[in-house]
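Peer 1: Turn this into a structure:
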Amino acid sequence: MSDTKAALARMLQQLSGALRGAALYPGGHPAIHTPLRELATGLALMLRERDRIVLGLIDDVLVLDEMPFYDAPVRFKAVADALLERKLEAIVFQPGVTLGELEALVQVLAPPEAERDVPAVEAAKRRELAHITLRDRVEGEDDPRAAAHRTYERTLGAVVELASEIRLGRIPSSGQATAIIDTMRDIILADESALLGLALLKSYDDYTYNHSVNVAIFSLAFAKHLGVAGPSLQRVGLAGLMHDLGKVRTAEAIIKKPGALTPEEQRAMQRHPELGAEIMEQMKGVDRETAEIVLHHHLRHDGSGYPTLPRGREAHPHGVVVAIADCYDALTTTRPYQRSRHPSEAVRILRRLAGKAYEPAATRAFIEMIGAYPVGEVVRLSSNEIGVVSRVSELDATAPWVRLVTNAEGLLLPEPVDCDLAAEPQGGRVIAGAVDPLRKGIDVARVLGL
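Peer 2: Next up, the predicted model:
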């Protein structure tokens, strides 16, 4: 178990212990207070590097900080039961959460008899939990947000299983991954914003697995934007999902090394496309073209990159789709050796790489799809209002839909207001610049309903 997963498991154990204590003892009892004190310490440490930590239950799988715990019904039953009984989709912890707020949260999750009929979200509001947010469970199979969450978590689980099989020296089946890519493709074709929003809004530490899911989402959306359809679209999505499988056979010390790699380590790292392609060629249900896209996702437009192609052989045309998706997600995610970039900064970097690392027309097309101000970017308008980009405009990449959260005086609006900047009259509101959501206390995922 990784250090991060072990730390997250301890947090679940502490919350589970406090909930069990609350069923037996009055508030403030050491059986409740002691584990919550330890939980507060653990959250404070992890929230130094994150803007939030999310605890949720998706398809009966308990997920903390985007890390699935498949054994939760046994190990952390009190937590899973509380989320189910209180009909909660997620609990969001933000920097600054206090021991007092955690004690109040336990009272919400395990309420006294007189308060059991009060909905959890309403009970939390009464206690004014400044750094903890509760989200109601979304009911109904037709809800696109719920479907997107379920699909994301199923895909994450599939990637974890694939990696586990490979570590054991086995060649896994592609059946589950292919079926999930079909579902993702259908969601992207119907309304790409639901899944794309989940890929754009991330606050997790287990980079490898989530990165694979995000690259699959970006690759599918980008390929669709380029007009790719049918089996080719599925092929691109599957290649995006599996593009880094070769890293499973690369030493973890190299993958997570915070400093510069030695020449020998660099050569080992650069073998992962070949290792991934070799694995995929042995998997039933994966064709040679999909493996070829994986093999070519680190080739560059200027002829550099890796691996070196034999004379006369050209890169697969869809390799650049996965390559750009890979680059964008990597730029916008914090890793041991790199801080995350704001989406708009990542777009500027991609523009600079056009003609060097990536084919210019493909790079322009990806930026057109993402938008100069991508979904999830917090922006200040020329009117001094602040909002969250909620949708990219098909008319003008620099004038997206923005969900306003403050007025011109900087006061929070009672409810967010949608604003189509592309429909503004001449001389109307435009984006003045990006804003750090942490400094303004804006929960982007909550504003966008994700």
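Peer 1: burial of R116, as a residue count?
Peer 2: R116 is surrounded by 11 other residues when neighbours are defined as other C-beta atoms under 10 Å. For glycine as for every other residue, the C-beta is placed from the backbone atoms N, C-alpha and C.
Peer 1: again, but for P119
Peer 2: A total of 14 residues lie near P119 under the criterion other C-beta under 10 Å.
Peer 1: Now do the contacts for it.
Peer 2: K87, D136 (C-beta atoms under 8 Å, 6 or more residues apart in numbering).
Peer 1: Please tell me how far it sits from A18.
Peer 2: 21 Å (C-beta to C-beta, to the nearest Å).
Peer 1: Now do the same contact list for R267.
Peer 2: R267 is in contact with no residue at all, counting by C-beta under 8 Å, 6+ apart.
Peer 1: what's the helix or strand for it?
Peer 2: helix 263-269 (DSSP states H and E).
Peer 1: quick one: terminal-to-terminal distance for stretch 257-273?
Peer 2: 19 Å (C-alpha to C-alpha, to the nearest Å).
Peer 1: And for stretch 281-289?
Peer 2: Counting by C-alpha to C-alpha, the length from the leading to the trailing residue of stretch 281-289 is 10 Å.
Peer 1: same check, this time on stretch 415-430
Peer 2: Between the opening and closing residues of stretch 415-430 there is a gap of 21 Å (C-alpha to C-alpha).
Peer 1: helix/strand/coil for the closest residue to Y209 other than its chain neighbours?
Peer 2: Across the structure, with C-beta to C-beta, 6 or more residues apart in numbering as the measure, the residue nearest Y209 apart from its sequence neighbours is V159 (4.9 Å). Per DSSP: H, G, I helix; E, B strand; the rest coil, the local secondary structure of V159 is helix.
Peer 1: Now find how far off-centre the helix holding R267 is within its chain.
Peer 2: Taking the mean C-alpha point of helix 263-269 and that of its whole chain, the gap between them comes to 28 Å (C-alpha atoms, centre = their mean, to the nearest Å).
Peer 1: need the next SSE after it, C-terminal direction.
Peer 2: Of the helices and strands lying after helix 263-269 in sequence (DSSP H and E), the nearest is helix 272-281.
Peer 1: Sticking with L36, tell me its helix or strand.
Peer 2: Using DSSP H and E, the element containing L36 is helix 30-46.
Peer 1: buried ones in that helix?
Peer 2: Neighbour counts using 16 or more other C-beta atoms under 10 Å place I32, H33, P35, L36, R37, E38, L39, A40, G42, L43, M46 of helix 30-46 among the buried residues.
Peer 1: Reformat these as JSON lines; add pLDDT and distance to D65.
Peer 2: What follows is these, written out as JSON lines (pLDDT from 0 to 100; distance: C-beta to C-beta, whole Å):
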{"residue": "I32", "pLDDT": "94", "distance to D65": "23"}
{"residue": "H33", "pLDDT": "93", "distance to D65": "24"}
{"residue": "P35", "pLDDT": "94", "distance to D65": "18"}
{"residue": "L36", "pLDDT": "95", "distance to D65": "18"}
{"residue": "R37", "pLDDT": "95", "distance to D65": "20"}
{"residue": "E38", "pLDDT": "95", "distance to D65": "17"}
{"residue": "L39", "pLDDT": "96", "distance to D65": "13"}
{"residue": "A40", "pLDDT": "95", "distance to D65": "16"}
{"residue": "G42", "pLDDT": "93", "distance to D65": "11"}
{"residue": "L43", "pLDDT": "95", "distance to D65": "10"}
{"residue": "M46", "pLDDT": "89", "distance to D65": "7"}
